[in-house]
Structure formats: structure tokens, C-alpha cells
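Q: Dropping the sequence and predicted coords here.
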Amino acid sequence: MAEDTRTRATAAPNFALVKYWGKADDEAMMPAVPSLSMTLEGPLVEVSLSDGGEEDRVWLDGTPVHETWRARTARFLDLARQRAGASGHVDVRSVGGMPPAAGLASSAAFFAALARAAAARWGLGEDTGTISDLARMGSVSASRSVPGGWVVLDPAGRRGPVLEARTVFAPDHWDVTVIVAVVDTAEKQVASSDGMRLTRDSSPYYGAWVDASVGLFEDGLRAVGERDMEGLARVAERSCMMMHASAMACEPPILYLAPATLAVTRAVTRMRASGLGCLYTIDAGPQVKVVCAKEDVDRVREGVLSVPGVLGIMEHAPGAGCRLLGAGSDPPRSP
Ligand code: DP6
């Protein structure tokens, strides 16, 4: 029997300062708007692939995932095999990262690491752009966890089905820290993909959101380039609130924000008014990501932790993107 060699890769979450919300093409996983994000250095997700059985199987932290997630992963693996002309099902084991589906970008890190491992296993190469384009087929935001630092992803464009995220500024371009304020770790009620489809199909504000996106993106890029926290705060908080406002106007409405989410945004606004370099952004869940200037991190942390309803925080610096780990030949642990 042939030796079963594992292929392992890691990736970390990214979060967007100028948000992606809405697809131009659901099947081709093409975003309708440009986005600007920062890839974090952690918490790292490690994904390993090993020879599988009759079908692709997936474990998260040792527990088999529910069928919806397994089928989504299997569809992604089918596409990777098809691109590579490869065959053979695999066992996928994912360890670490943030709690799944709580709006903490766990799927972005998962699909970025999975794309990196699948590309190595099936000979799709090392090119960051190719792997980012592949990761996008698992989850659009995953394409932005492949490269490191400050990253952009264009909207659907002229290059047919190909679209990859790219680094515009290295991780050390700007000395900032991200404080993630956790206010609720329950699984989110409406998955991002469903929320953005409903927004596109039923929100009267979706058109305004798409129209505003290019201006926000250009202003955001300029602010990051100039390390202008005030300017980036204006853009990022507006992009965030426009995204949530468009979702709130769906039929039926989608509300990702909890009372403590809003309390954190107010605390951040107050801290900024008092001279601290900080801004907030919120994804498809109630947690708040607070970007702060390194020199202000102690005071911003204290301010965030003092908000009633904040259960805890995580802190991360910008990171270098996904990475292939040495291919191990130790037999996979029994599930
Ligand atoms: C609110 O990338 O999770 O985090 O492409 O359907 O998998 P799919 O959605 P996903 O959406 C992320 C949306 C967001 C904003 C962002 O990351 O830009």
C-alpha cells in the first residue's frame, strides 16, 4: 500500500476595511464591489490533506463537520481537482483558528489554507495569484487571506473567470494592531453568502451600496497609503455601516449587530474624538474589529474591555499570508 503523505498549510483570517458584500455572479464567485482588507498574523488555521475514501471528509478540531459544510468543501475540492486534472478523495483536517461562523472570518482562513494545500498536493503551483483565485471559489473573502499585509480584491471585470487578491502594502507598512472585541460566539443566523444574496435581491439600498463602493475603495486605499487613521476611519466605518444598512433593509431584514456591538462602536468613536488613533469595523456577525495605532493600543484595549457586554478580546498584527508547511508522512490520527 502506498505511503499516505499529508499536505499541510496554514492561513489566518483577514478582515475588510472596505467591504465586499454582494456577488456579480454567484456561480463564478465574482464580487460586485472592490474590497480592501488586512490579513492578520493569527489565529492560524492549519489544514492537512491526506488520502481519503469514497468521498471527501472534513473534520474541524477533531469533530466531523455537518453535511452542509462537508458538501461545500467537497465542491471546492472537485474544482481544484478539475483544474489540476487530478483525482482521489481526501480527508481534510482543520485545527485552530477562530470559532466557526460567528462573523470572525474562520471560513476565509480555512479556504485559504485549503487552497494552498490542494495546490501543492495536486501540482497547481506556488503562485500566490493562482492560489488566491482558487481560494475565491471556496469563499470570496478567502482569496484575500492568501497574500499578506494590506490586500485588494477587484470586482468582477474583464478577465473572465479569473480574479485574484493582491498585496498593495506589506504587513510592516503601518504599525497597527487589531483588537477583536468578542460580544457573542453563537453561530450567526444568516451566513454571509445568504445575507448578501438577499441584500442584492431585495434591499432597495443595494444599488446605492454598489455605486458608493468604488469611491470608498479609492479613498480607503489612499488613507492606508498615507497611514491616515482619521481618513481610514471615515471610509471604513462608512463602508461598514452602509453594508449593514443595506442588509437591514432586506425582506426579511437581516440584523447582525447586537447591543454590545453598538456600545463598542460608540466607545471607539469617543476614544477617537479624545485623540486616540482607532477605528471600528463589523462583518456578518456581532463582533467588532478595532484597528488601532500601536502607540495607543493599551488605552484602546482598556476602553474596549470596559464596555459592558464585551466577553473578551483577541489582538493581532498584520500578517504575511498563507503558507505551506512541510509535507508530513506521519499517518493521520484516526478521526
Ligand atoms: C461581511 O467571503 O464569507 O466579511 O463569498 O459567499 O463565501 P462568500 O462570503 P464571505 O463574505 C464576507 C463578507 C464580509 C465582508 C468582507 O469580508 O469583505
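A: Sure thing, it's come through.
Q: for the ligand, what are the nearby residues on the stretch 1-150 of the chain?
A: Proximity of the stretch 1-150 of the chain to the ligand (C-beta under 6 Å from any ligand atom) is limited to residues A16, K19, Y20, W21, S35, S107, S139, V140, S141. Placement of C-beta: from N, CA and C, glycine included.
Q: Out of those, which end up buried?
A: With burial judged by 16 or more other C-beta atoms under 10 Å, the buried subset of those is A16, K19, Y20, W21, S35, S107, S139, V140, S141.
Q: Restricted to helices, list those.
A: Of the positions in those, S107 sit in helices, assigned by DSSP state H.
Q: Take the buried ones among the residues of the stretch 1-150 of the chain next to the ligand and lay them out in JSON lines including pLDDT.
A: Compiled in JSON lines, these are given as follows (pLDDT from 0 to 100):
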{"residue": "A16", "pLDDT": "98"}
{"residue": "K19", "pLDDT": "98"}
{"residue": "Y20", "pLDDT": "98"}
{"residue": "W21", "pLDDT": "98"}
{"residue": "S35", "pLDDT": "98"}
{"residue": "S107", "pLDDT": "91"}
{"residue": "S139", "pLDDT": "97"}
{"residue": "V140", "pLDDT": "98"}
{"residue": "S141", "pLDDT": "98"}
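Q: For the stretch 201-335 of the chain, just list every one of the strands.
A: 278-281, 288-293, 312-316, 323-325 (DSSP state E, counting those that start in this stretch).
Q: Flag every residue of the stretch 151-300 of the chain that's near the ligand.
A: S192, S193, D283, A284.
Q: Can you flag which of those residues belong to helices?
A: Going by DSSP H, the helices hold S192, S193 from those.
Q: would CSV of the residues of the stretch 151-300 of the chain next to the ligand with neighbour count be doable?
A: Shown next, in CSV, are these (neighbours: other C-beta atoms under 10 Å):
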residue, neighbour count
S192, 23
S193, 16
D283, 26
A284, 27
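Q: on that earlier part again, Throw the strands of the stretch 201-335 of the chain into JSON lines and include mean neighbour count and mean pLDDT, thanks.
A: Converted to JSON lines, the strands of the stretch 201-335 of the chain look like this (neighbours: other C-beta atoms under 10 Å; pLDDT from 0 to 100):
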{"stretch": "strand 278-281", "mean neighbour count": "26", "mean pLDDT": "98"}
{"stretch": "strand 288-293", "mean neighbour count": "25", "mean pLDDT": "98"}
{"stretch": "strand 312-316", "mean neighbour count": "15", "mean pLDDT": "95"}
{"stretch": "strand 323-325", "mean neighbour count": "17", "mean pLDDT": "96"}
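Q: among these, which is nearest T185?
A: T185 lies closest to strand 312-316 among those, at 9.2 Å (C-beta to C-beta).
Q: That closest one vs strand 288-293, what angle?
A: Here strand 312-316 points in a direction 50 degrees away from that of strand 288-293 (axes from the mean of the first three to the mean of the last three C-alpha atoms, to 10 degrees).
Q: What ranges does the stretch 101-250 of the chain have for its helices?
A: Here the stretch 101-250 of the chain has its helices, by DSSP state H, counting those that start in this stretch, at 106-121, 128-136, 192-202, 206-225, 229-248.
Q: Deepest-packed of those, please.
A: The highest mean neighbour count among these, using mean count of other C-beta atoms under 10 Å, belongs to helix 106-121: a mean of 28.
Q: Just the C-alphas of that one, formatted as CSV.
A: Extracted in CSV, the C-alpha atoms of helix 106-121 (Å, rounded to 0.1, in the frame of the first residue of the first chain):
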residue,chain,number,x,y,z
SER,A,106,-13.0,31.5,10.0
SER,A,107,-14.1,30.3,6.5
ALA,A,108,-11.6,32.8,4.9
ALA,A,109,-8.7,31.3,6.8
PHE,A,110,-10.0,27.7,6.2
PHE,A,111,-10.4,28.1,2.4
ALA,A,112,-7.1,30.0,2.0
ALA,A,113,-5.2,27.2,3.8
LEU,A,114,-7.1,24.5,1.9
ALA,A,115,-6.4,26.1,-1.4
ARG,A,116,-2.7,26.3,-0.6
ALA,A,117,-2.6,22.6,0.5
ALA,A,118,-4.7,21.5,-2.5
ALA,A,119,-2.5,23.4,-5.0
ALA,A,120,0.6,21.8,-3.5
ARG,A,121,-0.9,18.3,-3.4
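Q: Quick one: list the elements packing against that helix.
A: Identification of packing neighbours for helix 106-121 by 3 or more C-beta pairs under 8 Å, 6 or more residues apart in numbering; DSSP states H and E yields strand 7-11, strand 45-51, helix 67-84, strand 90-96, helix 128-136, strand 323-325.
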